[in-house]
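Colleague: Fold the following and give me the result.
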Amino acid sequence: MIRWVFALLLVAGPCFCTELPQPKNCDGKTTDLHPKGKITVVMASSQPLAEKTREFGRAMYPWQGLEDFRVIVVVDLRKSLGTLFKGWTVGKMKADLDEEAWTLQPWFRNRGNTNNPRPYLCAVPDFDGKTTEALGWGGNHEIMKVAIFGKDGELLWSDQDAKNPSSLSSKLWEQLGPPAPTPPSIEPRQSRILRRPQ
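Modeller: Sure thing, here's the model as predicted:
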């Protein structure tokens, strides 16, 4: 039974991808959730998921800076006070991404990428839940959801109840090669985009 369901997901993947919306991110730009030519991780976030989102984000640092890799965080704000102060919430997300870019600089340099990390970063404020629902993630904002889309826009892998990032890291190794070593100049610092209150 499990094998049959998995096979069905693989067949349905391309159809699922074509139905995804293109929401605006916190920078006001339209976001393709499965851009062609990129290995893209789409990851959930919410106030209850702040700690787990930080854990998953940190696990992906060793691949940050690769031109064919992107991470998109979809922040489910339906049950958050952020829906009452949308302007402030979006502004806070932008400021947090600015700081995240600073955090990622050593990882980018580790990959030989001298570009500013900021344009690589994307967070989608999902005030009405449409993006979350389109991803098939439902209304439970306390369960971690993550998906990997391939370079043709197809769904490669997903976990609707991810307990830890080990499987995600293994899949990224398969698609992008081994992780980069930790930069020697890295500071023990938490990313605000992954720990901010929602």
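
Colleague: what element comes up after the helix or strand of the chain with the lowest mean pLDDT heading to the C-terminus?
Modeller: Every helix and strand of the chain was ranked by mean pLDDT, DSSP states H and E. The lowest is helix 2-18, at a mean of 38. Next along the chain after helix 2-18, taking DSSP states H and E as the criterion, comes strand 39-45.

Colleague: Give the rounded mean pLDDT of that next one.
Modeller: Average pLDDT, strand 39-45: 97.

Colleague: I'd like to know which elements it is packed against.
Modeller: helix 50-59, strand 69-76, strand 146-149, helix 166-176 (3 or more C-beta pairs under 8 Å, 6 or more residues apart in numbering; DSSP states H and E). Using the backbone N, CA and C atoms, a C-beta is placed for each residue, glycine as well.

Colleague: Mean neighbour count, mean pLDDT and distance to Glu100 for the ones you listed - can I get that in CSV?
Modeller: Listed next are those as CSV, based on neighbours: other C-beta atoms under 10 Å; pLDDT from 0 to 100; distance: least, C-beta to C-beta, whole Å:
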stretch, mean neighbour count, mean pLDDT, distance to Glu100
helix 50-59, 18, 92, 8
strand 69-76, 24, 97, 10
strand 146-149, 25, 98, 18
helix 166-176, 15, 98, 18
